[in-house]
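Trainee: Build the 3D model from these lines:
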Amino acid sequence: MAEKVTPYKDSKLGKKEQVTQMFDTISKNYDGLNRVISFGIDVKWRKRVVNLIKSKKPVTILDIATGTGDLAINLTKTGATKITGLDISPGMLEVGKQKVAAKNLSNTIDMIIGDSENLPFSDNTFDAITVAFGVRNFENLDKGLTEILRVLKPKGTFVVLETSVPTKTPFKQGYKFYTKYILPTIGKLFSKDRTAYSYLSESASIFPHGEEFNNILQKNGFISIENKPQTFGVASIYVASK
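Mentor: Numbering: from 1, shown residues only. Below you'll find the predicted structure:
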């Protein structure tokens, strides 16, 4: 299991509260920073998630840790008639709601505040569930995955897009240098929260990935698990079912 990392080490708040506070603080800069930090490659990764989901022809989709709604908006291309974006950060959701409204998608996408470890939905509700760059922020990973399994329909599709650590030289060394030194520096230049991007890079570097995360999904009841490394292994797309 990954070592526990929290955004503000001197805070008396729990990880959940700290993550909420952190994303509220960086919400207005988040989209622009994401493009800069990932060199825009995150856009391509999200498109691959959308194509995976589209092939399943879902009617209802839940996007957990939806943030500012990038993936939820892209998921409209699957043909789903109802998409729910859920996030714990009101600040991120407010940005997302504005984007959804600007694209006239308010009838298709609902943006709601919610906790991944206590989802406000009945059992077997969604045809597909997605989480992009959010599972490493769960306070209790097993509890969050168990909740996802509960609200996913039988034979439904669960897709996770998350950072991972390359295993091959020289990508492994380059990734470590970039996440340790470059990413936090960019974050400090553009964000008033100097701790946030240090946390994001640190949590990404120690979060279980590849076969280790596959095993965690299996332990929590998921089946037909596939791991698809992206861009030399700096991210991974995990596909599972119920």
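Trainee: check which helix or strand covers the residue nearest to residue 50 when sequence neighbours are not counted.
Mentor: Nearest residue to residue 50, sequence neighbours excluded (C-beta to C-beta, 6 or more residues apart in numbering): residue 74, at 4.9 Å. Backbone N, C-alpha and C define where each C-beta goes, glycine included. Counting by DSSP states H and E, the element that carries residue 74 is helix 70-74.
Trainee: what's the neighbour count on residue 28?
Mentor: 15 (other C-beta atoms under 10 Å).
Trainee: so how far is residue 31 from residue 25?
Mentor: Going from residue 25 to residue 31 by C-beta to C-beta, to the nearest Å gives 14 Å.
Trainee: Report pLDDT for residue 30.
Mentor: You'll see residue 30 listed with a pLDDT of 78.
Trainee: Ok, residue 11 next?
Mentor: pLDDT at residue 11 comes out at 65.
Trainee: repeat for residue 120
Mentor: 97.
Trainee: what are the phi and psi angles of it?
Mentor: Residue 120 adopts backbone torsions of phi -90, psi 50, taken as degrees, to the nearest 10.
Trainee: Burial check on it, number of neighbours?
Mentor: Residue 120: 11 neighbours (other C-beta under 10 Å).
Trainee: Look up how far residue 47 lies from it.
Mentor: 29 Å.
Trainee: Next: residue 84.
Mentor: From residue 84 to residue 47 the distance is 20 Å (C-beta to C-beta).
Trainee: the more surrounded of the two?
Mentor: residue 84 (22 against 13).
Trainee: What segments of the chain are strands?
Mentor: 60-64, 82-87, 109-113, 126-132, 152-163, 223-230, 235-241 (DSSP state E).
Trainee: could you redo these as TSV and give each row distance to residue 14?
Mentor: Putting the strands of the chain into TSV (distance: least, C-beta to C-beta, whole Å) gives the following:
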stretch	distance to residue 14
strand 60-64	19
strand 82-87	17
strand 109-113	17
strand 126-132	20
strand 152-163	22
strand 223-230	29
strand 235-241	26
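Trainee: looking at these, which is closest to residue 205?
Mentor: strand 152-163 (8.3 Å; C-beta to C-beta).
Trainee: Now do the buried residues in that closest one.
Mentor: Under the neighbour-count criterion of 16 or more other C-beta atoms under 10 Å, strand 152-163 has 152, 153, 156, 157, 158, 159, 160, 161, 162, 163 buried.
Trainee: Am I right that residue 232 is in contact with residue 166?
Mentor: Yes - using C-beta atoms under 8 Å, residue 232 is in contact with residue 166, at 5.3 Å.
Trainee: And the two? Which one has more around it.
Mentor: Taking neighbours as other C-beta under 10 Å, residue 232 and residue 166 compare with residue 166 leading, 19 against 14.
Trainee: How far does the lowest-mean-pLDDT helix or strand in the chain sit from its chain's centre?
Mentor: Lowest by mean pLDDT, DSSP states H and E among the helices and strands of the chain is helix 183-190, with a mean of 70. Distance, stretch centre to chain centre, for helix 183-190: 20 Å (C-alpha atoms, centre = their mean, to the nearest Å).
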